[in-house]
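Novice: Return a 3D structure for these sequence lines:
(2 chains)
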Amino acid sequence: MIKKKTTQLVIYVLASIAFLIMVSIISLSVGSAGIPVNRIIPILVEGKGTPEYSILFDIRLPRIILGFAIGGALSLAGVILQGMFRNPLVEPYTLGISGGAALGASLCITLRLNLILPNVAMPLSGFLGAFLVFIPIYLLNIKKSALRIHGLLLTGVMISFISSSLVTLILAISRAEDLQGIIFWIMGSLEEPSWVLIWIACIVSVACLVLSYLFCLDMNALTLGEEEAIHLGIDVEKKKKLLFLIASLLTGISVSITGLIGFVGLIVPHFIRMLVGYDHRVLLVTSFLSGAGFLIFCDMLARTVIAPVELPVGVITGILGGSIFIYALSRRLFH
Amino acid sequence: MLRISDLTCGYGMKIVLNNINLEIGKGEFAGIIGPNGSGKTTLLKAVTRLVKPYKGKIFIEDKELYSIDHKEIAQKIAVVSQNLPTMSMTVREYVLLGRTPHYKNLQFFENESDVEIAEHAMTMTDIIKLQDSYMSEISGGEIQLALIARALAQEPWMLLLDEPTAHLDITHQVNVLDLIRRLNKEYGLTVIIVLHDLNLASAYCDRLILMDNGRIKKIGTPEEVLNYADIEEVYKTVVVVEKNPVSLKPFVIVVPEEVKKNCRR
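Specialist: Numbers count the residues shown, from 1 in each chain, chains lettered A, B, ... in the order given. Below is the predicted model of the structure:
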């Protein structure tokens, strides 16, 4: 039994890693300037200076690394929240934190802060917006040191509506030249010139994966409901707060760096749960890796479908993710 | 031993249990009976820290309940509640969740001993043959046995059961209660069970706690508690209490309105 469980974990993780590596290599190779896969190593050996090297390692690689971090982060946040709320329709953007980040970024563009602090102002205001929204959501739902799960969900949805209305207001009164910036930011993109931010996203998402894995058994118990988890010796209130913090951090970081990339945090965890089952010991890692692979793949499509024009990656994640999911459901591919 | 001293608790402003004093010794088989809303389930919830006391204290083996770590409580007390389990897991996976309070820090997977204990729990409850079935594929009676198996996998000395026979036919009711009785007799498991069926309570429990409106109305053997005067007062229903000709335990017969009218005539 123990062997079976660990073997199952190893198989699923290896399959997810294989998917991630395969997608990353193809994504590195495919683009408006096609570079065959067998040329990647020679180009790397030849070193800097060639235009192909620059395309591969200055343009495509940063997007792949960022796709890994953000896809993994959103998917991980989705798994945590769906487990916590026992609701497969909950996703990172349901919490309202993304709305706060969108509001922060829109204000940044309208107030032209991005001209004063290029590269840093947008993610910083996005993160600040996310943080400022997180505080009231959290505090409003703490009652006698207990975190009210349903209240959290409802407050999150309401704050999302308020933020979205405020963003629309900003759009309505913005100058024409700012409008495009705000809309493109909202649609989400993996184009990020700052390596520092890419590494921050990577470190935070991997650290959160490790941290959340420490709570995998608590999350398994929580799938039975809060009362049952308490009966199994879980300090539910403490664990809920920690898990909510982790999910909020993952969402805040993701949205503030790449904008709103929808569906990854909803569809990937749901899809992977249908494949591997409820067990968070397997689910957390495989969802992270699959979410990373899925976003890298979608970004590759966004860059290439009507190249040289680049589509918003959120459009691809929605269309592709939703279609695959409906197909899987209709064919009853899973238990 | 479980000792409840001057316990008053409830939900928000609503007091549900009022000044409860109770002692349950190790190896006892105690039944809690009473009408809907009398506080039976709340009493179980108070013992498992789901409902905080406004006043009074609960002691488990002479330790105050709130001074004990969550895990330690789950190692001592297991609960079979009325909550339905997640249907997307197998019986085996579900029963193994009962080992959660015994996992050490940074232990993510069950060890050989955990598997053996879970298998033993499934054998005792006679669901070992169903271990690879999904919870959604088994019957209501089998789900109830799986709930008990998961509780047994916790290796507790006390088992709290909240209406484990609700929605079961008489065969499954008897199967479940026979099993609990056997666990009590053979393994010395202390049992506190909430039952709506007074005759099942009479047949299986050594001691009954009759609750009424958040208070304990009477505690004692089934013979002491199940008398028509107390039952009629608490349940506001006319009953006849006879002796079960087989077990010689009290047997409560309800008297429907129509029969009462005919009797008057």
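Novice: how about the strands in the stretch 1-150 of chain A?
Specialist: A:142-143, A:146-147 (DSSP state E, counting those that start in this stretch).
Novice: ok, now the stretch 201-335 of chain A?
Specialist: For the stretch 201-335 of chain A, no strands are identified by DSSP E, counting those that start in this stretch.
Novice: quick one, helices of it?
Specialist: A:216-222, A:226-231, A:236-258, A:264-276, A:280-304, A:313-330 (DSSP state H, counting those that start in this stretch).
Novice: if we can go back for a sec, can the strands of the stretch 1-150 of chain A go into CSV with extra columns for mean pLDDT and mean neighbour count?
Specialist: Backbone N, C-alpha and C define where each C-beta goes, glycine included. Below are those laid out as CSV (pLDDT from 0 to 100; neighbours: other C-beta atoms under 10 Å in any protein chain shown):
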stretch, mean pLDDT, mean neighbour count
strand A:142-143, 84, 12
strand A:146-147, 84, 16
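Novice: for the residue positioned nearest the centre of chain A, what are its contacts?
Specialist: The centroid of chain A falls nearest to A:L74 when counting by C-alpha atoms, centre = their mean (2.1 Å). Contacts for A:L74 (C-beta atoms under 8 Å, 6 or more residues apart in numbering or on different chains) come out as A:92, A:250-251, A:254, A:261, A:264-265, A:268, A:291, A:295.
Novice: who touches B:I192 in this structure?
Specialist: B:2, B:24, B:28, B:30-32, B:44, B:47, B:158-161.
Novice: thinking again about what came up before, what would the strands of the stretch 1-150 of chain A look like in TSV with distance to chain B?
Specialist: Output for the strands of the stretch 1-150 of chain A, formatted as TSV (distance: least, C-beta to the nearest C-beta, whole Å):
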stretch	distance to chain B
strand A:142-143	10
strand A:146-147	10
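Novice: got TSV for the ones you listed, with distance to B:I128 too?
Specialist: Below are the strands of the stretch 1-150 of chain A laid out as TSV (distance: least, C-beta to C-beta, whole Å):
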stretch	distance to B:I128
strand A:142-143	44
strand A:146-147	39
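Novice: Of all those, which one is nearest A:I183?
Specialist: Among the strands of the stretch 1-150 of chain A, strand A:146-147 comes nearest to A:I183, with 34.9 Å by C-beta to C-beta.
Novice: so what strands line up beside the closest one?
Specialist: Using DSSP bridges, the strands paired with strand A:146-147 are strand A:142-143 (antiparallel).
Novice: still on that earlier bit, just the contacts of B:I192 now: which is nearest chain A?
Specialist: B:L160 (8.8 Å; C-beta to the nearest C-beta).
Novice: dump the residue contacts of that closest one.
Specialist: B:L160 touches B:44, B:47-48, B:77-80, B:192-193, counting by C-beta under 8 Å, 6+ apart.
Novice: Can you pull out the low-pLDDT segments for the chain?
Specialist: Looking at chain A here, since you left the chain open. A:1-3, A:331-335 (pLDDT under 70).
Novice: actually it's chain B I care about, not the one you picked
Specialist: B:263-265.
Novice: Tell me who's in contact with the residue nearest to A:A69 when sequence neighbours are not counted.
Specialist: Nearest residue to A:A69, sequence neighbours excluded (C-beta to C-beta, 6 or more residues apart in numbering or on different chains): A:A201, at 3.9 Å. Going by C-beta under 8 Å, 6+ apart, A:A201 touches A:66, A:69-70, A:73, A:253-254, A:257.
Novice: I appreciate the help and will end here.
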